[in-house]
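Colleague: Structure here, sequence nowhere to be found:
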């Protein structure tokens, strides 16, 4: 059975989340008070409708308790965001992710039960800054303030050697969770296979350990 999600608020963030969830095989209900936004996404999701998410009765009428999750992406209107999050949790939506406008907004969302509170622009800014400062990494995703997941080409001194030989976890204090070879990704790679030039390693570790590899 397909997973079902609702996305409240179709700004650039909400729109991209709704479309991507649909592409991943989910059924998506996209909702916004702006008819132009609704019409723009209508052909790319399961259902799109114009509605005010401050209307608690409307949210209940959606049958949201039967959804796998709701993304409250309308952060500019804090009152609407808070109301939608509160109602979704009250009626039993198992997972509610809410976008916050500022720290106060985030605190309120957490207090009323949001399962996840995000700052997409802030998080993307941190990610871009990390990538700029770590030129050898093709991507850097922060998992916490101290730990990250990165993608990096196999270091020159590692080419032709195996993970077993390098003993990466003990020597460098990082974990190799995958290797990219072109479009193919090998998860849990064979520790006895030689690393090749041009392959991309997917590593997890403390930021300090990851930076040391460069």
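Modeller: Done, it's in. The model shown is predicted, which means the values in this text are computed figures rather than measured ones. Numbers count the residues shown, from 1 in each chain.
Colleague: could you check the distance from residue 106 over to residue 99?
Modeller: Distance, residue 106 to residue 99, by CB to CB, to the nearest Å: 9 Å. Where you see a C-beta, it was placed from the backbone N, CA and C, and this is true even at glycine.
Colleague: residue ranges with poor pLDDT in this structure?
Modeller: 64, 122-140, 142, 214 (pLDDT under 70).
Colleague: just the helices in it please.
Modeller: Taking DSSP state H as the criterion, the chain carries its helices at 12-23, 35-41, 56-61, 78-90, 103-111, 120-133, 163-166, 168-172, 207-213.
Colleague: Which of the ones you listed sits closest to residue 29?
Modeller: Nearest to residue 29 among the helices of the chain is helix 12-23 (8.6 Å), distances taken as CB to CB.
Colleague: what distance separates stretch 61-76 from the middle of the whole chain?
Modeller: Stretch 61-76 sits 17 Å away from the centroid of its parent chain (CA atoms, centre = their mean, to the nearest Å).
Colleague: Can you give me the buried ones in that stretch?
Modeller: Across stretch 61-76, burial judged by 16 or more other CB atoms under 10 Å covers 62, 64, 67, 68, 69, 70, 71, 72, 73, 74, 75.
Colleague: mind giving me the domain split of this protein?
Modeller: If you go by the TED database, the domain ranges for the chain are 4-123, 130-212.
Colleague: ok, back up a step: what residues do residue 106 and residue 99 have in common as contacts?
Modeller: Both residue 106 and residue 99 are in contact with 117, 119, where contact means CB atoms under 8 Å, 6 or more residues apart in numbering.
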